[in-house]
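S.K.: Provide a 3D model corresponding to the input given below.
(4 chains)
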There are 4 protein chains.
Amino acid sequence: MTLIKITLVQLDNYGPWTEELGEDREADIQVLQSELYADLQRMFSAKGGLLFFTRFDNMLAVSNGINLKEHEVILRSIARRYPVTVSMGVGLGETAYEAQRTATRVLQSKGSAQSSERRAVLAYSDNGAKEGYVQIAHIDVDDFTSNVTDREDAYKAMYIISNLSTLLMKLSMNKGALTFFNGGDNFISVCNGLTEYDFKEIIDRLETSVGLKLKAGVGFGRNANEAMSKANKALSKIRRGLVREPVLFLGGPHE
Amino acid sequence: MTLIKITLVQLDNYGPWTEELGEDREADIQVLQSELYADLQRMFSAKGGLLFFTRFDNMLAVSNGINLKEHEVILRSIARRYPVTVSMGVGLGETAYEAQRTATRVLQSKGSAQSSERRAVLAYSDNGAKEGYVQIAHIDVDDFTSNVTDREDAYKAMYIISNLSTLLMKLSMNKGALTFFNGGDNFISVCNGLTEYDFKEIIDRLETSVGLKLKAGVGFGRNANEAMSKANKALSKIRRGLVREPVLFLGGPHE
Amino acid sequence: MTLIKITLVQLDNYGPWTEELGEDREADIQVLQSELYADLQRMFSAKGGLLFFTRFDNMLAVSNGINLKEHEVILRSIARRYPVTVSMGVGLGETAYEAQRTATRVLQSKGSAQSSERRAVLAYSDNGAKEGYVQIAHIDVDDFTSNVTDREDAYKAMYIISNLSTLLMKLSMNKGALTFFNGGDNFISVCNGLTEYDFKEIIDRLETSVGLKLKAGVGFGRNANEAMSKANKALSKIRRGLVREPVLFLGGPHE
Amino acid sequence: MTLIKITLVQLDNYGPWTEELGEDREADIQVLQSELYADLQRMFSAKGGLLFFTRFDNMLAVSNGINLKEHEVILRSIARRYPVTVSMGVGLGETAYEAQRTATRVLQSKGSAQSSERRAVLAYSDNGAKEGYVQIAHIDVDDFTSNVTDREDAYKAMYIISNLSTLLMKLSMNKGALTFFNGGDNFISVCNGLTEYDFKEIIDRLETSVGLKLKAGVGFGRNANEAMSKANKALSKIRRGLVREPVLFLGGPHE
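M.R.: Prediction:
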């Protein structure tokens, strides 16, 4: 078994806390959320992981190679430096979707996201399963700058990406993958188990439904950083025209 | 004429630049983008504005009350502290949608987002029009934590919000408003000119189509901070059950 | 009367709080302190002020032009985003030294820096006095890089600067000025009332006692930012050899 | 041989660069320097190291346990996210002072701190020596808050600490140790090889010369984080009155 590990990072009792901050709080909240994400990203990536901002009060990380003690160090560092704490659930799965579901379940079992009692909890279910590899795709849209950013208005461009993102999320989920928007016209898919055929099917369906051509570089590694680096390498080959197909796999799980 | 002012903040030649950073760049890019947004948010909000992260390489701000010189100070501060520069387009409009379209057009006229020559440009069209007021709605979902966050898995919850966000964007755009996801189950709509009836229509349509009940507090002000604060006050009244309707307007444009 | 305004920013009950953070806290504390300083610097400078990190748990700002309401906004923004709060004392004086003494006294009267009860207090004594101008000097050491940084070891270079800094502080205080190290071989002196003769005397004494040649550009303005900008302009002229003297005043208080 | 490893982090061509930023640059420079330090501190401490801000354009880190590849990752992460690059020199020594001297020498051999050609260099001399342990002291002043912070004015308190810091640096250097101010009334001494007698001598001399009573908790570890944690534990015992002497060593190099 070659399992992927996902960590759910959830702010403790965040909603009720924000409401106590006064009515002119919004900019401070936005700064807090972004700084917190950047801070956690630094700490997860220093250990080879990769964190997605998701809904900001709930974030998902690929955490293969990061043990429980290292999770606790991250959790305590946040508790020391922010007015809010985070709790974490850690899950393993054959697919990224399963892993995040397990991560969610173990954390939910420790109390509500709006419990005033749950603080800085690290939850996991240790069934002795072993971590395996991570598979990641870096996906972008062909010529988005020239076709959209430089032509359409900024909000329309954002809407096109948001719509695409929602569709990508749905198609990914159906295959057990988790796809995240990561800025511009870029998406990262945590996609253990997906084949080239899976990606071509997703890309075909999106071209048909929204008229945007996507391409995807796919990489494998022992942790998120390794897999992501190879995905970037693969996507770069497609961008430079070195391959004709819109999907390129570099390596595989048994490498 | 009571116009709203929107600023488009666009990273200069960002995509090509990121590709030169090496294949293990992703975490650094995510940290950079979040820090840059937090930084710009601090500077816009110090002047009464409010910035939305949008696609991160393109951000939109409500900038009533922030003059061109102040825009330039922000623009130069970023140029001094980051390896990338930002350019800005500033536009006025009767609706937020129109204002961002103007902001986009004036910036597009200065060169492509991927031009290697456009750097730290401030673009605007001065037709002598006067800034007026800002209208903002703070929208959230009823009982999202208990119904979704505490029950569904984290990615499913994110998908539900992403889908809702895309629908809200479309319905807003049709009415000339700009709606942005701002974390958790919260949305901010920059909505000059929209009536209570408009909001009830949007809320009804979303309840029908996706089964989620929304509520909206709406405020007005001379700048984003004032309008947002009143929107928070209005939403708080609904949350505490002080009003029965899911939409509450506090004040109006002529206050 | 042309008074300078100084704000003392003091972390509330900081020492006792840090001791509760666990024994592996040091790096987190250093990150927290630096981020907090950077954050406050952004907010003070957005209003034309300038903040010095001083001892990190106590910071001093030149705050001409920043009213009490704006101080409160800064104070609350920190309270929302950090696990510790700051209190502030605001003082006016004919010299910077007097102003900071008044700022200290009014804050001390609200309770000890280690009181567990004093939280996010804004203290000031309003005797109707009016703010005037700010005078600032930018001071550096001739050829420090070639003579010291590139020759001596890094700690020795740091010791030379630390020793120089302590001497500069003492000589400044005796004349009512506040001098702060601000990185490299640079110092900023808040020096309302000091003359060219005062600076030459300080520079002569330091050359005699420690063998380092200093130069100083001095500027005036309605706030710290204006005065600092002119001080930079003046120092730049000396650096480029446009003047022979090691001290250059640009403008004056009545400009 | 049980050597300590020190890394010198030096900004490349920083002074000349800052002068090109415009005359109103000072606040931006201060923010940049603090953010850069906080960022590097996060990255060094994630690997068990500890970084001191020193002169901000030159920083010193205890880097036992951090290999050259990890140094390069840090160096590149900064190059990607800041408008300035850093170079590093790594040195080993029987004392911290010797180690930083070696670190300085290898970096100086790569070019001046103000060379426009040296960019993001990692310099080291590999003579096959092995890293050993780290010894760190956490030092503070008895009752500084009640005796000074709550009584004297803020600048006077800062002067007292600056003077103490300079004296501590000199006494430390003479014994091969590096002592750094780290906020408030706290100092950290990287002090491989120093005995209890050494610390008592330093403390006695300072009490005689400046009338301040110091105490020091001393710890040992395979890296800075371990040694610092034990130093905190030792100091905490003194603070709580569990030992009578002002110096407490916990463990030793051979632990």
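S.K.: residues contacting the residue lying closest to A:Gly111 once chain neighbours are set aside?
M.R.: Excluding its sequence neighbours, the residue lying closest to A:Gly111 (C-beta to C-beta, 6 or more residues apart in numbering or on different chains) is A:Arg118, at 3.7 Å. In short, each C-beta sits where N, CA and C put it, glycine included. Residues near A:Arg118 by C-beta atoms under 8 Å, 6 or more residues apart in numbering or on different chains: A:Asp12, A:Asn13, A:Ser87, A:Lys110, A:Gly111, A:Ser112.
S.K.: Make JSON lines from those and add neighbour count to it.
M.R.: Converted to JSON lines, the contacts of A:Arg118 look like this (neighbours: other C-beta atoms under 10 Å in any protein chain shown):
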{"residue": "A:Asp12", "neighbour count": "22"}
{"residue": "A:Asn13", "neighbour count": "21"}
{"residue": "A:Ser87", "neighbour count": "22"}
{"residue": "A:Lys110", "neighbour count": "16"}
{"residue": "A:Gly111", "neighbour count": "18"}
{"residue": "A:Ser112", "neighbour count": "15"}
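S.K.: Residue numbers of chain A in contact with chain D?
M.R.: Contact residues, chain A versus chain D (C-beta under 8 Å from any C-beta of the partner chain): A:Asp39, A:Arg42, A:Met43, A:Ala46, A:Lys47.
S.K.: The fourth one: what's its closest spatial neighbour, skipping adjacent residues?
M.R.: Computed as C-beta to C-beta, 6+ apart, the closest residue to A:Ala46 that is not its neighbour in sequence is D:Ala46, at 3.8 Å.
S.K.: which phi and psi does that neighbour have?
M.R.: Torsion angles at D:Ala46 (phi, psi; degrees, to the nearest 10) stand at phi -60, psi -20.
S.K.: Just give the number of residues close to it.
M.R.: Applying other C-beta atoms under 10 Å in any protein chain shown, we find 22 residues neighbouring D:Ala46.
S.K.: Which pLDDT value belongs to A:Ser115?
M.R.: If you check A:Ser115, the pLDDT there is 93.
S.K.: Can you classify it as helix, strand or coil?
M.R.: What DSSP: H, G, I helix; E, B strand; the rest coil gives for A:Ser115 is coil.
S.K.: Now do the spatially closest residue to it that is not a sequence neighbour, the pLDDT please.
M.R.: Once flanking residues are discounted, A:Ser115 sits nearest to A:Asn13: 6.3 Å by C-beta to C-beta, 6+ apart. Per-residue pLDDT puts A:Asn13 at 95.
S.K.: Please tell me how far A:Asn13 sits from chain C.
M.R.: Distance of A:Asn13 to chain C, computed by C-beta to the nearest C-beta, to the nearest Å: 15 Å.
S.K.: And that residue, how far from A:Arg118?
M.R.: Here the criterion is C-beta to C-beta, to the nearest Å. By it, A:Asn13 lies 7 Å from A:Arg118.
S.K.: Can you name the residues that contact the closest residue to A:Asp24 other than its chain neighbours?
M.R.: Leaving aside its chain neighbours, A:Asp24 sits nearest to B:Ser229 (4.5 Å; criterion: C-beta to C-beta, 6+ apart). Neighbouring residues of B:Ser229 by C-beta under 8 Å, 6+ apart: A:Glu23, A:Asp24, A:Glu26, B:Gly219, B:Gly221.
S.K.: now, among the residues you listed, which is nearest to chain C?
M.R.: A:Asp24 (8.0 Å; C-beta to the nearest C-beta).
S.K.: so the closest one makes contact with B:Asn225?
M.R.: Yes: at 6.1 Å, A:Asp24 counts as touching B:Asn225 under the criterion of C-beta atoms under 8 Å.
S.K.: Identify the farthest-apart pair in the contacts of A:Arg118.
M.R.: Spatial extent of those (C-beta to C-beta) is set by the pair A:Asn13 and A:Lys110 at 12.6 Å.
S.K.: and whatever helix or strand A:Ala216 lives in, what's its mean pLDDT?
M.R.: If you go by DSSP states H and E, A:Ala216 is part of strand A:214-221. For strand A:214-221, mean pLDDT is 98.
S.K.: What score does the closest residue to A:Glu70 other than its chain neighbours have for pLDDT?
M.R.: Excluding its sequence neighbours, the residue lying closest to A:Glu70 (C-beta to C-beta, 6+ apart) is A:Lys47, at 5.6 Å. For A:Lys47, the model assigns a pLDDT of 97.
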